[in-house]
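>>> just need the structure, nothing else, for what follows:
(2 chains)
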Amino acid sequence: MEKSTFKTKVGLAEMLKGGVIMDVVTAEQARIAEEAGAVAVMALERVPAQIRQEGGIARASDPAMIRAIQEAVSIPVMAKCRIGHFMEARILEALEVDYIDESEVLTPADEENHIYKHDFQVPFVCGCTCLAEALRRIGEGAALIRTKGEAGTGDIVEAVRHLRAVRMEIQRLRTLRKDELMAESKRMGAPFHLVVETADQGRLPVPNFAAGGVATPADAALCMALGAESVFVGSGIFLSENPSGRAKAIVDAVTYWEDPKKLAEISAGLGAPMRGQSAASLPPGEKMARRGW
Amino acid sequence: MACIGVMSLQGGFAAHIARLQELGHRTVQVRTAEALNGLDGLILPGGESTTHLKLIDRYHLRSSLESFVASGRPVLATCAGLILAARQVTAPSQPSFGWIDIAVARNAYGRQLDSFESVADEGELPLVFIRAPRIVEVGKQVEVLATLNGDPILVRQDNFTGATFHPELTDDWRVHRQVFGEGCGVELKPAA
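Coordinates of the predicted model:
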């Protein structure tokens, strides 16, 4: 018997497909998320929009709070650590969280290096803005990729940009000959064997989810239509007027994204979404997607 | 060539679809009762059983699924799919449909850190367990087809086959082949 192989790490991501992973800051919110049909929750102390507003250093959450959420629900519990902060990751692993998000939403601990994730038993998800970045993270051991989008804005534009970038770059790789892939790997700054695998399979070597700016069922459906296999929702649920109703609606939208009639029913009467802030209006220094590389 | 439906509300449906297509079957993603019409078989995939329960309830799919199982056509349930179908579910307890006479304990091997790969006691059948349930009781009508350390992991009652592991995540096609047979032998590309 062999525990925590790369296959079991990717296997959990396979089981989360077609689902919604919701940010929660209390055990009560975790129960609301589970009741709505979330496939997993992300335990953190402040949702991205609050982090944006309040400023300061955003760090991994208090273990007591993560434990309380683990006790409150039976679905998988994920938690975030800072980019490059492998000691926060070790602590989260000791807490037996089901996935660690090495996340740009928290203040980076290392501007040069990401965590070497193959060294861990616990699986990791990492954000990306393009294919090369996704393949670098997979090279370090990420078992799941998500777009970065622009967290905490409620503006879907950056998630769309990142989903389209990954998709177009995969299409481009497929048009290249085998003898062109090494030069392409050099140009991209991505591991050669993963460039070859992606060109061959026509998809990322691990599941590909969307995150960053999802605020409505239509946003979630748009991400699915652009090739995301599941959706993370951060601030969009619990900063809206009707979290429970909106959570259910986003879960339903991810299942029925191909059925506009159902989406119309699902989207009706949910109350006000989070107010949000246009990603284009953010000064470059406040863009979370620029953290990590 | 058979046409096999894969319940695709959420979870491991993509891997099952790829496996069935490699065997030469046609596949249908099942998200509505109408999609069950004309199918020769059905897969209830893994995923989060709580999520599946909520969606089956919200979209009134239970009675159609029930009639499908009762029709005698082959059904394969893996992991969370088997939790839905069990007679009784514990740890924590939750409603289930009773389509196969077994009792299961959820997440019985632990959290994700305890997910593992192994090989069946009978030899050579590769096993992948992801936050897997354990079958804790088996009714008289239920045949145990494979075990791990003595625990039943692959069971059958009439047309209903259940696995606590994920045959769709391995390169071994025997479980799918045993339940649904061979397709027309045409190798189709798995869905992207």
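
>>> which strand or helix spans the residue nearest in space to the middle of chain B?
Here the mean C-alpha position of chain B is nearest to the C-alpha of B:Ala77 (C-alpha atoms, centre = their mean), at a distance of 1.7 Å. B:Ala77 is part of strand B:75-78 when elements are defined by DSSP states H and E.

>>> can you name the next helix or strand after that strand?
helix B:80-85.

>>> tell me the helices and strands packed up against that next one.
For helix B:80-85, the packing partners by 3 or more C-beta pairs under 8 Å, 6 or more residues apart in numbering or on different chains; DSSP states H and E come out as strand B:41-44, helix B:49-58, strand B:100-105, strand B:160-163. (Glycine included, C-beta is placed from N, CA and C.)

>>> one more time with 10 Å, if that's ok
In terms of contacts (3 or more C-beta pairs under 10 Å, 6 or more residues apart in numbering or on different chains; DSSP states H and E), helix B:80-85 is packed against strand B:3-7, strand B:41-44, helix B:49-58, helix B:62-70, strand B:75-78, strand B:100-105, strand B:151-157, strand B:160-163.

>>> pLDDT on the fifth one, on average?
Right, the one you point to is strand B:75-78. Throughout strand B:75-78, pLDDT has a mean value of 98.

>>> quick one on the thing from earlier: for the strand holding B:Ala77, packing partners?
strand B:3-7, helix B:13-22, strand B:41-44, helix B:62-70, helix B:80-85, strand B:151-157, strand B:160-163, helix B:174-180.

>>> is it true that B:Val175 touches B:Thr164?
No - counting by C-beta atoms under 10 Å, B:Thr164 is not a contact partner of B:Val175; they are 11.8 Å apart.

>>> of those two, who's got more company?
Looking at B:Val175 and B:Thr164 with other C-beta atoms under 10 Å in any protein chain shown, you find the greater number of neighbours at B:Thr164, namely 27 against 22.

>>> A:Ala220: neighbour count?
A:Ala220 has 30 neighbouring residues, counting by other C-beta under 10 Å.

>>> now residue 149, nearest residue through space, not along the chain?
No chain was given, so I picked chain A. The shortest distance from A:Gly149 to any residue other than its chain neighbours is 1.6 Å, reached at A:Gly212 (C-beta to C-beta, 6 or more residues apart in numbering or on different chains).

>>> the chain in question should be chain B.
Counting by C-beta to C-beta, 6+ apart, B:Asp121 is the residue found nearest to B:Asn149 once chain neighbours are left out, at 7.0 Å.

>>> state the distance from the one you found to A:Pro260.
Summarising the geometry, the distance separating B:Asp121 from A:Pro260, computed by C-beta to C-beta, to the nearest Å, is 50 Å.

>>> what about the residue nearest to A:Gly149, neighbour count?
There are 33 residues near A:Gly212, going by other C-beta under 10 Å.

>>> so which strand or helix has it?
Counting by DSSP H and E, A:Gly212 is held by no secondary-structure element, helix or strand.

>>> phi, psi for it please.
Backbone geometry at A:Gly212, expressed as degrees, to the nearest 10, gives phi 100, psi 90.

>>> correct me if wrong: it contacts A:Asp101.
No - here A:Gly212 lies out of contact with A:Asp101, judged by C-beta under 10 Å, at a distance of 12.0 Å.

>>> need the residues touching each of the two.
Taking C-beta atoms under 10 Å, 6 or more residues apart in numbering or on different chains as the contact criterion, the residues that touch both A:Gly212 and A:Asp101 are A:Gly127, A:Arg146, A:Phe232.

>>> show me where pLDDT drops low in chain B?
When the per-residue scores of chain B are filtered using pLDDT under 70, the ranges that remain are B:183-192.

>>> switch the cut-off to 50
Segments of chain B classed as low confidence (criterion: pLDDT under 50) are B:184-192.

>>> how about the residue in the stretch 51-200 of chain A positioned nearest to chain B, what does it touch?
Nearest to chain B in the stretch 51-200 of chain A, going by C-beta to the nearest C-beta, is A:Asp98, at a distance of 3.9 Å. Applying C-beta under 10 Å, 6+ apart to A:Asp98 gives the contacts A:12, A:16, A:40-41, A:70, A:75-79, A:122-123, B:111-113, B:115, B:131.

>>> what does A:Ala33 give?
Taking C-beta under 10 Å, 6+ apart as the criterion, A:Ala33 is in contact with A:20-24, A:39-42, A:69, A:72-73, A:75, A:233, A:237-238, A:243-244, A:247, A:251.

>>> rerun that using 8 Å as the cut-off
Neighbouring residues of A:Ala33 by C-beta atoms under 8 Å, 6 or more residues apart in numbering or on different chains: A:Met22, A:Val24, A:Val41, A:Val73, A:Ile237, A:Ala247.

>>> just say helix, strand or coil for the fifth one.
Three-state secondary structure (criterion: DSSP: H, G, I helix; E, B strand; the rest coil) places A:Ile237 in helix.

>>> can you get me a residue count around it?
Neighbours of A:Ile237 (other C-beta under 10 Å): 30.

>>> what do you get for the first one?
As a burial measure, A:Met22 scores 30 neighbours (other C-beta under 10 Å).

>>> does it count as helix, strand or coil?
If you use three-state DSSP, then A:Met22 falls in the strand class.

>>> from A:Met78, how far out is it?
10 Å.

>>> before we move on, what SS does the residue nearest to B:Ala15 when sequence neighbours are not counted have?
Sequence neighbours aside, B:Glu168 is the residue nearest to B:Ala15 in space, at 4.1 Å (criterion: C-beta to C-beta, 6+ apart). Classification of B:Glu168 into helix, strand or coil gives helix, according to three-state DSSP.

>>> give the contact list for B:Glu168.
Applying C-beta under 8 Å, 6+ apart, one finds that B:Glu168 lies in contact with B:Gly12, B:Ala15, B:His16, B:Ala18, B:Arg19, B:Pro45, B:Thr78, B:His176.

>>> in JSON lines, list these along with neighbour count and distance to A:Ala225.
What follows is the contacts of B:Glu168, written out as JSON lines (neighbours: other C-beta atoms under 10 Å in any protein chain shown; distance: C-beta to C-beta, whole Å):
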{"residue": "B:Gly12", "neighbour count": "27", "distance to A:Ala225": "21"}
{"residue": "B:Ala15", "neighbour count": "23", "distance to A:Ala225": "21"}
{"residue": "B:His16", "neighbour count": "27", "distance to A:Ala225": "22"}
{"residue": "B:Ala18", "neighbour count": "16", "distance to A:Ala225": "21"}
{"residue": "B:Arg19", "neighbour count": "26", "distance to A:Ala225": "25"}
{"residue": "B:Pro45", "neighbour count": "29", "distance to A:Ala225": "22"}
{"residue": "B:Thr78", "neighbour count": "30", "distance to A:Ala225": "27"}
{"residue": "B:His176", "neighbour count": "23", "distance to A:Ala225": "29"}
